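Asks: Structure here, sequence nowhere to be found:
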């Protein structure tokens, strides 16, 4: 049995198949089939840099006085020779260095170091009374003070015995770095990078 071929029907079927094949692709105006291509993906490194810059902008809106103090500081680390760190030659000192390697902190860029120190000074001013807040005597009072200054205080970020030896560990919103404070005598607050094992809290480990 033979089927008749209708030329008009053949043309319509061919056009329909071409339309289905082109579904999901992008064609530049006036371009032929050779110009059909998928949208290129963004470069991961560019995305990371853009996200970091956006985070710093959000930080600066939250803390304009810190932003003004650190304006113009470099957001990238200075280039240093990539040579392995040398361990001490003394056996006891070498063993100590090996056992405490888990406490290594990430280096801070000049801008991150400036922001950390500015936040440390800001918190210290509130804790030593010059900010009008007074020295907290309980973990809850310390939590309320830090929250009032605009910091996000997570579970475990404030600890220690009351009314002395209170300690806090903060990750500065959006841009980092970490700020750790000890409300002993004397009051001690310092900025530092995250620990290489992760987070702002000193990891427990070693051997």
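Replies: Perfect, I can see it now. Just so it is clear, the model here is predicted, and its values are computed rather than measured.
Asks: So for the strand or helix carrying residue 47, mean pLDDT?
Replies: Applying DSSP states H and E as the criterion places residue 47 in helix 44-62. Averaged over helix 44-62, pLDDT sits at 88.
Asks: Just after that helix, pick out the following helix or strand.
Replies: helix 64-70.
Asks: Tell me the pLDDT of the closest residue to residue 128 other than its chain neighbours.
Replies: Nearest residue to residue 128, sequence neighbours excluded (CB to CB, 6 or more residues apart in numbering): residue 187, at 6.1 Å. C-beta here means a position set from N, CA and C on the backbone, and glycine is covered the same way. pLDDT for residue 187: 89.
Asks: cool, and residue 168?
Replies: The predicted local confidence for residue 168 is 97.
Asks: OK, contacts around it?
Replies: 142, 146, 153, 157-159, 180-181, 183 (CB atoms under 8 Å, 6 or more residues apart in numbering).
Asks: So it lies in a strand, does it not?
Replies: Yes: in this structure, residue 168 lies within a strand as judged by DSSP: H, G, I helix; E, B strand; the rest coil.
Asks: That one pairs with what?
Replies: Note on residue 168: beta-bridge partners by DSSP bridges are residue 158, residue 181.
Asks: could you measure it against residue 108, distance?
Replies: For residue 168, the distance to residue 108 (CB to CB, to the nearest Å) stands at 19 Å.
Asks: now swap in residue 147 and tell me
Replies: Residue 147 is 25 Å from residue 108, by CB to CB.
Asks: More neighbours: which of the two?
Replies: residue 108 (20 against 12; other CB atoms under 10 Å).
Asks: Wait, that one touches residue 193, no?
Replies: Yes: if you go by CB atoms under 8 Å, residue 108 and residue 193 touch, sitting 4.9 Å apart.
Asks: Now list whatever residues contact both of these two.
Replies: Common neighbours of residue 108 and residue 193, counting by CB under 8 Å, 6+ apart, are residue 177.
Asks: any low-confidence regions in this structure?
Replies: 1-45, 80-102, 129-134, 205-207 (pLDDT under 70).
Asks: ok, which stretches of this structure are strands?
Replies: 158-159, 167-171, 178-182, 188-192 (DSSP state E).
Asks: Report the inter-axis angle for the second one versus strand 178-182.
Replies: Here strand 167-171 runs at 170 degrees with respect to strand 178-182, directions being taken by axes from the mean of the first three to the mean of the last three CA atoms, to 10 degrees.
Asks: tell me the angle strand 167-171 makes with strand 188-192.
Replies: Interaxial angle, strand 167-171 versus strand 188-192 (the same axes, to 10 degrees): 30 degrees.
Asks: which of the residues in strand 167-171 are buried?
Replies: Of all the residues in strand 167-171, those buried under the rule 16 or more other CB atoms under 10 Å are 167-171.
Asks: of all the contacts of residue 168, which two lie farthest apart?
Replies: 153 and 183 (14.5 Å; CB to CB).
Asks: And those two? Which one has more around it.
Replies: A side-by-side neighbour count of residue 153 and residue 183, using other CB under 10 Å, places residue 183 first with 21 against 18.
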